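Enquirer: Following is a predicted model, sequence given first.
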Amino acid sequence: MKKMDHPYLLKMYDIFLAEETLHVVMELAKGRSLKERLDGGAEYNEKDAKQLIRKLFSVIEYLHSFDLVYKDLEPDKILIDEVDETSFKLISDIGLSKICTDNIGYMCCALGTPHFIAPEVLECRGYSKPVDMWSAGAILYLILCGYPPFYSECEPELFESIMTANYQFYDPHWVDISHEAKDLISQLLVVDTNQRLSS
C-alpha cells in the first residue's frame, strides 16, 4: 500500500512494528466522511454525485490494477474535502484491502458494513473484485436519495433483500433522477458477478 499513489486515495507513508504494535503513518486528511455529511443533512444533486462516483470508480480501477480488492467500501471510508464536496480521499484500509489474483483465487472472509456488502459475501461464497463495484452501486444509490438501497431493522430481512437485489427507486426521491443514473445503479447491484459492471 505504500507504493499506492492516486489523487483520491489517502497516502500511506510508512508502516512499522514497535513493541508488538503495528503503526501506520498516513497523510493527514481534513473533512468529514461522506456518511457524516449525509447524516448531517448534506445533499448531492445528480451532477455532483456523478463527479464523486467517477472519482470513486477511478480509485477502484486503480486498486484493481494492482490486484487489490478494497472489500469494505462504505461512506465512512470516504473523507469528503472541506472545500470541494465532490472531491475526497478514500482511506487506505490496509486491514481490509487484499491482494486477489487468479493464482490466489477468491477471498472467503465475511467483512463489510451490512448495507453496502455484496451478496456473495453474505452467502460466504468466494469473492473478488466485483464486491467493490457492488459497494460503489450502493453508495451511489445513497448519495442520490439519502438512504441505502437495502434497509431493514431485521438483519435476516436485510440480508435476504441484498442476496436477491430487492431494491426499488421509490418516489418522490427518484422522480427527478435520470434514467442513466438508475441504469448505472441497476448494472452495479447485480447478484450475478459475471453480469455486474466491472472496473
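Expert: Okay, I see it.

Enquirer: distance of the closest residue to residue 148 other than its chain neighbours from residue 158?
Expert: Nearest non-adjacent residue to residue 148, counting by C-beta to C-beta, 6 or more residues apart in numbering: residue 115, 4.1 Å away. For every residue, glycine as well, the C-beta is placed using N, CA and C. Note on residue 115: its distance to residue 158, by C-beta to C-beta, to the nearest Å, is 7 Å.

Enquirer: any shared contact partners between those two?
Expert: The contact sets of residue 115 and residue 158 overlap at 150, 151 (C-beta atoms under 8 Å, 6 or more residues apart in numbering).

Enquirer: Looking at these two, which one has more neighbours?
Expert: Applying other C-beta atoms under 10 Å to residue 115 and residue 158 shows that residue 115 carries more neighbours, namely 20 against 17.

Enquirer: Next, the contact list for the more buried one, please.
Expert: Contact analysis of residue 115 by C-beta under 8 Å, 6+ apart lists 74, 138, 148, 149, 150, 151, 158.

Enquirer: Pretty sure residue 158 sits against residue 164.
Expert: No. Shown here, residue 158 and residue 164 do not form a contact pair, counting by C-beta atoms under 8 Å, at 11.4 Å.

Enquirer: what secondary structure does the residue nearest to residue 148 sit in?
Expert: Using DSSP: H, G, I helix; E, B strand; the rest coil, the structure places residue 115 in helix.

Enquirer: what's the spacing between it and residue 5?
Expert: Distance from residue 115 to residue 5, counting by C-beta to C-beta: 30 Å.

Enquirer: quick one: pLDDT of residue 113?
Expert: For residue 113, the pLDDT comes out at 69.

Enquirer: again with residue 148
Expert: Per-residue pLDDT puts residue 148 at 96.

Enquirer: Confirm for me that it is in contact with residue 137.
Expert: No. Judged on C-beta under 8 Å, residue 148 makes no contact with residue 137 at a distance of 10.8 Å.

Enquirer: Which residue of the two possesses the greater neighbour count?
Expert: Taking neighbours as other C-beta under 10 Å, residue 148 and residue 137 compare with residue 137 leading, 25 against 19.

Enquirer: count of neighbours near the closest residue to that one other than its chain neighbours?
Expert: Excluding the flanking residues, the one nearest residue 137 by C-beta to C-beta, 6+ apart is residue 188, at 2.7 Å. Residue neighbour count, defined by other C-beta under 10 Å, stands at 25 for residue 188.

Enquirer: again with residue 37
Expert: Around residue 37 there are 20 residues (other C-beta under 10 Å).

Enquirer: got a list of what it touches?
Expert: Residues near residue 37 by C-beta under 8 Å, 6+ apart: 80, 85.

Enquirer: Check it and give its pLDDT.
Expert: 93.
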